[in-house]
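Asks: Sequence plus the predicted model coming up.
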Amino acid sequence: MTTMAHPNPDSIDQKSVMELESLILSLKTELQDRMTEIAMLKETGDAVSRELEKRVEERTAELLSANNQLRQEVSERERTEEKLKSFMDKLEQSNHELEDFAHVASHDLQEPLRKVTAFGDRLKAKYEKELGDQGRDYLERMQSAATRMQTLINGLLTYSRVTSKKQPFISVDLNIVVQEVLSDLEVRIEQTRGSVETGNLPEVFGDPLQMRQLMQNLIGNALKFTKKDEPPVIRISSRTLPAMKSGDPQEKGLYEITVQDQGIGFDEKYADRIFGVFQRLHGRGEYEGTGIGLSVCRKIVEHHGWSLEAKSQPGQGSAFVIRLPLNQNRE
């Protein structure tokens, strides 16, 4: 039986020992490097985690702030909508009251005035001689005041009906409207020895009765405020304004309709005042009227979504300019 020989530790050479020690040292160094890398990764991970937490907290705070702001805006909008609804309800109630007033003005208020005028006529016809000069003067003043009051009521009635008696808008040829108005004013034009020149006017989308009222008031106004001993000359014209001249780049253009006269004119500092109800720049003794006609014009124009502007100089006549879109909303 052969016995296997074991290596003698003393027989291991020095080179092998050194190689083993070098391998152990290398593994130890590599292990330390891996431990360092792990520590750095952990530190970086902690820093990233802290940064993420910070950003999450900041973003959460921003979202909470935005949410609170949105809630405030929603609450404000709800309050605004409530106010708007309340305003619309009051406006509707006001319109109903205006319609009621129009009914009263057209019936109840005018009936006593008609009686005053009628009995005044009877009194004058039956007792004219007995009244004497002073009595006739008093009677004429009374009848004049009653007629003036009836004219004022009719003017207010017309003003109130601009929006309370809404009619569907249709296509309206202003050339036809102006000719009809001139026919109605024929006697007045002859009495003033006036002349009216008309250009080619556009077809608009609106209330035909209000278009007639608008042109009649503007032309009648031009016939009224004339220079003494000088026949009125009125020019009615229209032109188109392209987008650049209309001032709004989104606007496709405007119609500009002008009613111009050579009358007494006025200071332009009163250009807004003349459109107020009962506003007059001259005494009743100088020029007749109620001070309602131009206010009706502006209300009609605004009811159609248009604009009305007055241009003038004392002694140089006046121009009333209506502007409306070329492409009108037909809904």
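Replies: Yep, that arrived. These numbers were taken from a predicted model, which means no experiment stands behind them.
Asks: so where is the stretch 201-331 of the chain shaky, pLDDT-wise?
Replies: The model of the stretch 201-331 of the chain has pLDDT under 70 over residues 243-252, 267, 270-271, 276-291, 328-331.
Asks: mind listing the strands for it?
Replies: For the stretch 201-331 of the chain, the strands defined by DSSP state E, counting those that start in this stretch occupy 203-206, 233-241, 254-261, 307-312, 318-325.
Asks: which of the ones you listed sits most buried?
Replies: strand 254-261 (a mean of 22; mean count of other CB atoms under 10 Å). C-beta coordinates here come from the backbone N, C-alpha and C atoms, glycine included.
Asks: What lies in contact with that strand?
Replies: 174, 201-202, 204, 215, 218-219, 222, 225-226, 232-241, 246, 317-326 (CB atoms under 8 Å, 6 or more residues apart in numbering).
Asks: and it, which strands flank it?
Replies: The pairing partners recorded for strand 254-261 under DSSP bridges are strand 233-241 (antiparallel), strand 318-325 (antiparallel).
Asks: other SSEs contacting the lengthiest helix in the chain?
Replies: With secondary structure taken from DSSP state H, the chain has its longest helix at helix 14-106. Contacts defined by 3 or more CB pairs under 8 Å, 6 or more residues apart in numbering; DSSP states H and E place helix 14-106 against helix 110-164.
Asks: How far off centre is the helix it packs on?
Replies: 40 Å (CA atoms, centre = their mean, to the nearest Å).
Asks: just to revisit the earlier point, would you convert the strands of the stretch 201-331 of the chain into a markdown table that also reports distance to residue 15?
Replies: Shown next, in a markdown table, are these (distance: least, CB to CB, whole Å):
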| stretch | distance to residue 15 |
| --- | --- |
| strand 203-206 | 111 |
| strand 233-241 | 107 |
| strand 254-261 | 106 |
| strand 307-312 | 109 |
| strand 318-325 | 105 |
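Asks: what residues are up against residue 310?
Replies: Contacts of residue 310 (CB under 8 Å, 6+ apart): 268, 271, 274, 275, 294, 318, 319, 320, 321.
Asks: Please repeat the previous calculation with a cut-off of 10 Å.
Replies: 266, 268, 270-275, 294, 297-298, 318-321 (CB atoms under 10 Å, 6 or more residues apart in numbering).
Asks: can you tell me which of these are in helices?
Replies: Using DSSP H, the contacts of residue 310 in helices are 294, 297, 298.
Asks: Could you dump the residues you listed into JSON lines and include distance to residue 62 and neighbour count?
Replies: Compiled in JSON lines, these are given as follows (distance: CB to CB, whole Å; neighbours: other CB atoms under 10 Å):
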{"residue": "294", "distance to residue 62": "57", "neighbour count": "21"}
{"residue": "297", "distance to residue 62": "55", "neighbour count": "26"}
{"residue": "298", "distance to residue 62": "51", "neighbour count": "22"}
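Asks: ok, the residues you listed vs residue 18, which is closest?
Replies: residue 298 (112.3 Å; CB to CB).
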